[in-house]
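> sequence? don't have it. structure:
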């Protein structure tokens, strides 16, 4: 990333605002869940604690990186960017592991296989968008959008907890996610007069995987596949 790019801080206030909005959404989801539905809090485990720390680190990572760009702190931005690879691996590995643990814990419930697919889909979208953000790190207009979208991909569990805790319609979770995403194309139109290509590509990945999860998650094929490959043997 060039020094000229880092000095071009116009508009980065949007990314910083989005970072704090996403942090607020995630915090609200888990706080409401702890207060209103404490019985649904999973039992403590080192894996769960590790994943929680990694996720907190990511949500703090985004505003730190944006702040570094706004300050023209080239070295700090580069160091944090390299460190993020380790953090992302930790999130993906622990996230998928917890998804499987949750599936086995909720095995008797009808939507266990669906929840597993959504969680795997979230990790898939996050991974693809993070890789795109790295690939376009020298093209800030793409990079900044992919980073925000990657972070949105990590919010569905918190959004689901908000809806569940307040006993609202599950459809509202999709509306909340759509609202978070729409902030980006609306900002594009406001600043550029059109939707940026990066927003279209990133949004297609996020909602494409989400739609596929909705369609495939309710099929007998998916449930049979999970039963065959991921169900713990009875002993």
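Here it is on my side, so go on. Fair warning: this is a prediction, and the values are worked out from it, not measured in the lab.
> what about residue 229, how many neighbours?
7 (other CB atoms under 10 Å). Yep, even glycine has a C-beta here, placed from its N, CA and C like the rest.
> swap that for residue 18, please
23.
> contacting residues for it?
148, 151, 183, 184 (CB atoms under 8 Å, 6 or more residues apart in numbering).
> Which strand or helix spans it?
Under the criterion of DSSP states H and E, residue 18 resides in helix 12-36.
> Next SSE downstream of that helix?
Next helix or strand after helix 12-36 toward the C-terminus (DSSP H and E): helix 46-71.
> Would you mind identifying the next helix or strand past that following helix?
With DSSP H and E, the next secondary element past helix 46-71 is helix 74-105.
> re the thing from before, just the angle for the helix holding residue 18 relative to helix 46-71, thanks.
160 degrees (axes from the mean of the first three to the mean of the last three CA atoms, to 10 degrees).
> Which positions in helix 12-36 come out as buried?
Applying a neighbour-count criterion of 16 or more other CB atoms under 10 Å, one finds 14-16, 18-19, 22-23, 25-26, 29-30, 32-33 buried in helix 12-36.
> Just flag the most distant two among these.
14 and 33 (28.9 Å; CB to CB).
> Look at the residue positioned nearest the centre of the chain and report its pLDDT.
In the chain, the residue lying closest to the centroid (CA atoms, centre = their mean) is residue 154, at 1.6 Å. In this model, residue 154 is scored at 96, pLDDT.
> got a list of what the closest residue to it other than its chain neighbours touches?
Counting by CB to CB, 6 or more residues apart in numbering, residue 154 lies nearest to residue 126, which is 5.8 Å off, once chain neighbours are set aside. Residue 126 is in contact with 88, 91, 92, 150, 153, 154, counting by CB under 8 Å, 6+ apart.
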